[in-house]
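**Student:** my questions concern the predicted model and sequence given below.
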Amino acid sequence: MINPILTHDDGRKATWFELYFDLVFVVAVAALAGALSHHYDWAGFLEFGFLFLVLWWLWLGHTFHASRFDKDRPDQWAVGFAQIIAVVFIAYGASDAFGARAWAFAGGVAAFKAFLMLGYLRESTRPGLRRLCTIYAAIYATQVALWAGSIWAGPNLRLALWSAALALDVITPFLVAAETRRAPPNPEHLPERFGLFTIILLGETAAAAVHALDHGPELHGDSLTVALLGALLGFLYWVGYFRRAKGNAERHVSDATSGRNLRLWAYGHIPLYLGIASLGAGTVYLAHHTTLTGPAPWVFSTGAALSMVGVTVVSLATYRRPLASGWPYFAIAMLAAASPAMVSSAPLLVGCHAVLAAGQIAMSILLKRNAQTLI
């Protein structure tokens, strides 16, 4: 066990500024989901997934920094507000990030990363934290160069630069693993922030139900059914995350094993968030394309399956269970992915996913009663 050099006060909660900070990400996620709902096919899903991961890692970078160092000071508010302005440009560019608005998206990301870099450089004078802060600052400086340089690059080179920058995001937790044990994030604050971002995405499923009812020329029974079942699906994922998986439980990091468990928990949110975010756009689309044709039902079902996989991985990390023990839940997710082959209409498809999501919850309750272990 490694003695930490960074300690935290008990009872750390999200600040009012952090809640305000999250609002701009609500707008950015809505912009991405809106673009996906108009191009709800495999190409649209892949573009959405890539851009969403870029956006989420910005939020994640800010959250990990704040969980370690935020003291709710005016100077930190000023930096946070500058990052909010950067996300405004990102949200503006999100609707055509691979086209005419690439400059806005890339420029906003570069600016956000630059502020993260400066934040870690500022903390590098703290005793024992120089290595952690230097690694983070070097990674963010590299990403600033990649994102800023892409503004003047052609489409193919731009995508390569963006992909390299995102790859750095993906591997960063492994690059700082040893330092994370010495300077862990706040065990209460970090999961609370993840829970709040989960609420943001689940809120988009409720908003999608409204859009699904509002966007058609007139309201039909099938459209109403899809909208209501989409909202129900969001509620079931809320139950799955906060009650079944206990995704917002405290996360203490004191040794290599707990560090690996923290990374498993954090990475489990990737399929969960991708799935939930895509389901809102899918609800809007399927409400007005109720006869299942083309790739749309498969895209929707892939999102549902990703959500089920994600909440299961988060649950396994919470209860420190091996991934193999989650096979019954992964089997249900596979059924969700294959469901378009079994049903013929959008209401039946969304209803099928609601039944399967409820089935995961029911299975966890049954296993808890039988073994006193809920996963």
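**Tutor:** Structure received.
**Student:** Three-state assignment for the residue nearest in space to the middle of the chain, please.
**Tutor:** Centre of the chain computed as the mean C-alpha position; nearest residue by C-alpha atoms, centre = their mean is Y273, 3.9 Å away. Secondary structure, DSSP: H, G, I helix; E, B strand; the rest coil: Y273 is helix.
**Student:** contact partners for it?
**Tutor:** Shown in contact with Y273 (C-beta atoms under 8 Å, 6 or more residues apart in numbering): F52, W56, F197, T198, L201, G310. C-betas here are computed from N, CA, C, even on glycine.
**Student:** let me have these in JSON lines, extended by distance to L348 and neighbour count.
**Tutor:** Listed next are the contacts of Y273 as JSON lines, based on distance: C-beta to C-beta, whole Å; neighbours: other C-beta atoms under 10 Å:
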{"residue": "F52", "distance to L348": "28", "neighbour count": "22"}
{"residue": "W56", "distance to L348": "31", "neighbour count": "21"}
{"residue": "F197", "distance to L348": "31", "neighbour count": "19"}
{"residue": "T198", "distance to L348": "27", "neighbour count": "22"}
{"residue": "L201", "distance to L348": "25", "neighbour count": "28"}
{"residue": "G310", "distance to L348": "24", "neighbour count": "26"}
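**Student:** output those residues as CSV; include the columns secondary structure, pLDDT and distance to L262.
**Tutor:** Converted to CSV, the contacts of Y273 look like this (DSSP: H, G, I helix; E, B strand; the rest coil; pLDDT from 0 to 100; distance: C-beta to C-beta, whole Å):
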residue, secondary structure, pLDDT, distance to L262
F52, helix, 94, 22
W56, helix, 93, 17
F197, helix, 91, 16
T198, helix, 92, 17
L201, helix, 90, 21
G310, helix, 94, 16
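**Student:** how close does the residue nearest to the centre of the chain get to F48?
**Tutor:** When distances are taken as C-beta to C-beta, to the nearest Å, Y273 and F48 turn out to be 12 Å apart.
**Student:** contact partners of stretch 100-113?
**Tutor:** Outside stretch 100-113, the residues that touch it by C-beta under 8 Å, 6+ apart are 51, 54, 58, 61-62, 82-83, 85-90, 92-97, 140, 143-144, 147-148, 150-151, 158, 162, 165.
**Student:** mind doing that once more with 7 Å?
**Tutor:** 54, 58, 83, 86-87, 89-90, 92-95, 97, 140, 143-144, 147-148, 150-151, 158 (C-beta atoms under 7 Å, 6 or more residues apart in numbering).
**Student:** a markdown table for the contacts of Y273, including distance to V239?
**Tutor:** Conversion of those to a markdown table gives the following (distance: C-beta to C-beta, whole Å):
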| residue | distance to V239 |
| --- | --- |
| F52 | 23 |
| W56 | 22 |
| F197 | 17 |
| T198 | 12 |
| L201 | 15 |
| G310 | 14 |
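**Student:** nearest to K13 among these?
**Tutor:** Using C-beta to C-beta, F197 is the member of those that sits closest to K13, with 15.1 Å.
**Student:** contacts only, for that closest one.
**Tutor:** Taking C-beta under 7 Å, 6+ apart as the contact definition, F197 lies against W59.
**Student:** can you check the one 3 residues further on too?
**Tutor:** The contact partners of I200, taken as C-beta under 7 Å, 6+ apart, are D22, F25, V26, V29.
**Student:** most neighbours among those residues, which one is it?
**Tutor:** Of all the contacts of I200, V29 has the most neighbours under the rule other C-beta atoms under 10 Å, reaching 24 neighbours.
**Student:** surely that one and A277 touch.
**Tutor:** Yes: contact criterion C-beta atoms under 7 Å: V29 and A277 qualify, at 6.2 Å.
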